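Peer 1: Quick one, what's the 3D model for this:
(2 chains)
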Protein chains: 2
Amino acid sequence: MSSSTGIERLIDLMAKLPGLGPRSARRAVLHLIRKRAVLLGPLAEAMAEVAATARECLNCGNVGTSDICDICKDPSRANAELCVVEDVADLWAMERAQVFKGRYHVLGGTLSALDAVGPEELRIPRLIDRVGEEEISEVILALNATIDGQTTAHYIADQLDSRVRLTSLAQGVPIGGELDYLDDGTITAALRARKEI
Amino acid sequence: MSSSTGIERLIDLMAKLPGLGPRSARRAVLHLIRKRAVLLGPLAEAMAEVAATARECLNCGNVGTSDICDICKDPSRANAELCVVEDVADLWAMERAQVFKGRYHVLGGTLSALDAVGPEELRIPRLIDRVGEEEISEVILALNATIDGQTTAHYIADQLDSRVRLTSLAQGVPIGGELDYLDDGTITAALRARKEI
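Peer 2: Sure thing, here's the model as predicted:
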C-alpha cells in the first residue's frame, strides 16, 4: 500500500498510545477517516496546539499552558495546605472530587530501587524547598497505596520531619464498595480505623 | 482550568475514539504530553496529512490517498476474482493474510431492517455494475458470519444469480482453536463440512 503510507504511519503512531494496540489503532484510524471533518481535523488541530503550548508548571509540576499553572496562580486557593501526588493524573482525580482547595505538588513518580529512581529524579528537593519558602502548615501525602507509593511517603515524612503537619489520605472501604470484593489489607485497615457511629 | 482548555478539548476529542473512554483518554493525553516531541508532534502531523489526503476509492470503497486505490490500480492483481467485504477493516484483515491476489469490493456495512439500511445505502448497485463491466468470473462473499452479514450475502447472491461463480469463505474450527471454547454453530458447521484426511 505505497501511496497510503500516511495512513499506515498514523496507525503505527496511534498503536503507541496506552490502551491501544495494533488492532484497536486500526479501528480508531478507520473511525477517524470516516469522521474526518468532525473528528480527525479537529483532533489534528488540538494535538498541534497542545504540542506547541503544553508545559510543566515550574512550581508544582502540573501540566498547563504557561510556566506557572492555573492552580499555582489562583489567589483563591489556600497556601497553607499542600497536597503531594505522584503524577498529574492523580492531581486531576483530586480536582474532579472538588473537595481540596489548597495547592499541589506533583512528584512525577515514586522512589523505586528496582527502577533506580532516587529523590533527585523526582520533584522531592523542590518539595522540601517549597515547604521552607511558602507558608505551608500541612502537607497531605496523597500517594498511591502501593509499596513504592508508601516508601516514597515514608521518605518524604523523614525529610520534612517536624517542620510541618504531615497527613495522609484515610484508608478504608470505598464508597459503594462491597466487602466481598475487597482485599484483606483494605478490610484490615478499615477495621483498625473504625469509627463510632 | 481556564488556560489549559486546549488540553481539556484534546481529552474530549480523544474520548470519542472507539475503545477509549474519558479515563483512558486522560491517560493517553498525559502520555502524549510527556512524549510531545516524539509522539504528540508526529501524531498531529500524521493526522493533518490523513485528514487532507484520505479518500474512498471510487471503484471499490477502499480507503487510500487517491480517487482509485492502490489495489484497484495494481496491474499484477487478478481481475477475475472479486472479494466482497463489509468494511475496510475486513479488507485489511484479508490483505494481512497475504493469500488473496484478486480485487475487492467494500460494501460499507450490511443490510439491516432494524437500522433501515437498504441496498442503496451500501455499495451493492456498484457491485452489480462491476460484475457486468469488469471481467469477473468469481465473486467471493467474505462477509461476517452474523445474521446481517448472511442476509446481505443472500441478497447479493440473488441479485447476481447465475451471472458469475459465487463462493463464500469456509466455516469451521479456527487454526489454534480449541473445541471446548467454540460455539455449537461452529462445531456443527465444521462437522458437516468435514474432510477426508
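
Peer 1: ok, now which ones touch the closest residue in space to A:Leu143 that isn't next to it in sequence?
Peer 2: In space, A:Leu143 comes closest to A:Gly149 once its chain neighbours are excluded; the distance is 4.0 Å by Cβ to Cβ, 6 or more residues apart in numbering or on different chains. Quick note: C-beta positions are derived from backbone N, CA and C, even for glycine. By Cβ atoms under 8 Å, 6 or more residues apart in numbering or on different chains, the contact set of A:Gly149 is A:Glu86, A:Thr110, A:Leu143.

Peer 1: Considering the residues you listed, which is situated nearest to chain B?
Peer 2: Nearest to chain B, judged by Cβ to the nearest Cβ, of the contacts of A:Gly149 is A:Glu86 at 11.9 Å.

Peer 1: Pull the number of nearby residues for the closest one.
Peer 2: 20 (other Cβ atoms under 10 Å in any protein chain shown).

Peer 1: Pull up the per-residue confidence for it.
Peer 2: On pLDDT, A:Glu86 comes in at 94.

Peer 1: Can you tell me what sits against the helix or strand bottoming out on mean pLDDT in chain A?
Peer 2: In chain A, no helix or strand scores lower on mean pLDDT, DSSP states H and E than helix A:184-192, which sits at a mean of 86. Residues from elsewhere that reach helix A:184-192, judged by Cβ under 8 Å, 6+ apart: A:Gln171, A:Gly172, A:Val173, A:Leu179, A:Leu182.

Peer 1: For those, name the two members farthest from one another.
Peer 2: Greatest spatial distance among these (Cβ to Cβ): A:Gln171 and A:Leu179, at 14.7 Å.

Peer 1: Compare the two and say which one has the larger neighbour count.
Peer 2: A:Gln171 (13 against 9).

Peer 1: The more buried one - nearest residue in space that isn't next to it in sequence?
Peer 2: A:Ala189 is the one closest to A:Gln171 (Cβ to Cβ, 6+ apart), at 4.1 Å.

Peer 1: about what we covered before: from the contacts of helix A:184-192, which ones fall inside strands?
Peer 2: Among those, DSSP state E puts none in strands.

Peer 1: the helices in chain A, which residues?
Peer 2: A:5-14, A:22-34, A:41-53, A:70-73, A:88-97, A:124-133, A:147-159, A:184-192 (DSSP state H).

Peer 1: Could you give the average pLDDT over stretch A:62-75?
Peer 2: Rounded mean pLDDT across stretch A:62-75 is 92.
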